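Trainee: Sequence first, then the predicted structure:
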Amino acid sequence: MNQSNLVKAKIHSNVSSINNELNRLKFFNKKIVFTNGCFDLLHRGHIDYLIKAAALGDFLIIGLNTDTSVSRIKGPSRPINDEYSRALILASLRYVDAVILFDDITPYHLIKYILPDVLVKGADYQTEEIVGFDIVSKYGGQVQTIEFLEGYSTTLIEKKIIQSTKNNPG
């Protein structure tokens, strides 16, 4: 299988397409880590966050909001990049093992299906407020937060672009 196909094979349009992989991982007692987000403009902060999340286990799964879901959360001007482009970029990272698209506003049903050993979100959340905390803590899994890399966010990049076009029209 060529590199392009290997990357595309990491992208799943629904949870049932990763079921065999989940069963294999659980059979071999591999630690599954799950995080989620829009990942609209991949930046240094995302990379730092995902590297730290991957280090918490053996297999990193990213729940990726679909375009419809991102628009509901962030507003009509988002996402900037379409869902397939965002999924392909994430799947091309060697420490990301799977990307699953989800259409809901939260990944609650995805977490309930996957039952990750470690659920990860940014430190801007209180652990108990993280969607899926109830599921993961009920069966003894871990819910962890990761500090963000200061000064890096999609919102800051977006503001910088808007300011740049205001200062340099044309």
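Mentor: Arrived safely, thanks for sending. Numbering: from 1, shown residues only.

Trainee: Quick one: residues in contact with the helix or strand hosting residue 162.
Mentor: According to DSSP states H and E, residue 162 maps onto helix 154-167. Helix 154-167 is touched from outside by 38, 40, 41, 43, 80, with contacts defined as Cβ atoms under 8 Å, 6 or more residues apart in numbering. (C-beta placed from N, C-alpha, C; glycine too.)

Trainee: of the residues you listed, closest to residue 130?
Mentor: Of all these, residue 130 sits closest to residue 38, with 16.1 Å by Cβ to Cβ.

Trainee: What is the burial count for that closest one?
Mentor: 21 (other Cβ atoms under 10 Å).

Trainee: got a list of what it touches?
Mentor: Residue 38 touches 64, 65, 70, 73, 74, 78, 79, 86, 154, counting by Cβ under 8 Å, 6+ apart.

Trainee: From residue 26, how far off is the fifth one?
Mentor: The spacing between residue 74 and residue 26, counted by Cβ to Cβ, to the nearest Å, is 34 Å.

Trainee: The two: who's more crowded?
Mentor: Neighbour count, other Cβ under 10 Å: between residue 74 and residue 26, residue 74 has more, with 17 against 12.
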